[in-house]
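> How does the following fold in three dimensions:
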Amino acid sequence: MSEHKAVFTKDTVNKKVIVKRAFDAPLANVWKAWTDSEILDQWWAPYPYRAVTKTMDFREGGFWLYQMLGPEGDGLWCKENFKTIEEQLRITNAVSFCDEDGKENVDFPTMHWKKEFTAAGETTVVDVEISYDSIEDMNMFIQMGMQEGFTAGLDNLDQYFEKNK
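Here you go, the predicted structure:
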């Protein structure tokens, strides 16, 4: 398992959470792990949950619709709407909770993600900036365990790379 750890920075003034994480894998492999639903399903959800893709249309204007499925069959549906994609450099998208048909759950705010990928030899650094419309929205997601869940998923990705060297 990698020695890398996720570094979270909360920027309350700008209503953002910034996450930096390095992976012991080449850029092409890391990019694919963040953009291929078959691989995302293997690492995205924190244990004991798992991600189950219903639809993946990875292109600008496309979306990823998936469920975070729990061990008891419970779960949450999420939709990521892809805004911009710069191959092996950057992805911006809007993330919201939704129903199984992708209809947004307006009881929860939308998060705006920017993911940037940088190669450093055989290591790849992923910088994630998650923006919120208000500090209250940001704090709600933090209180829901976003940091712990995202950290667990990123650690799952390390395990995926270890198994698939």
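
> Going by C-alpha atoms from here, please, whenever you check contacts or count neighbours.
OK.

> which other helices and strands contact the helix or strand hosting Tyr66?
Secondary structure from DSSP states H and E places Tyr66 in strand 63-69. Strand 63-69 makes packing contacts with strand 50-56, strand 75-86 when contacts are defined by 3 or more Cα pairs under 8 Å, 6 or more residues apart in numbering; DSSP states H and E.

> Ok, which of those strands comes nearest Lys114?
Set against Lys114 and scored by Cα to Cα, these come closest in strand 75-86, at 9.2 Å.

> returning to what we had before: so what strands line up beside the strand holding Tyr66?
Strand pairing for strand 63-69, determined by DSSP bridges: strand 50-56 (antiparallel), strand 75-86 (antiparallel).

> So for the longest one, what gets flagged as buried?
Put plainly, it is strand 75-86. By 16 or more other Cα atoms under 10 Å, the buried positions in strand 75-86 come out as 77-83, 85.

> how about these, which pair is most distant?
Across the buried residues of strand 75-86 (Cα to Cα), the longest gap, 22.8 Å, separates Trp77 and Ile85.
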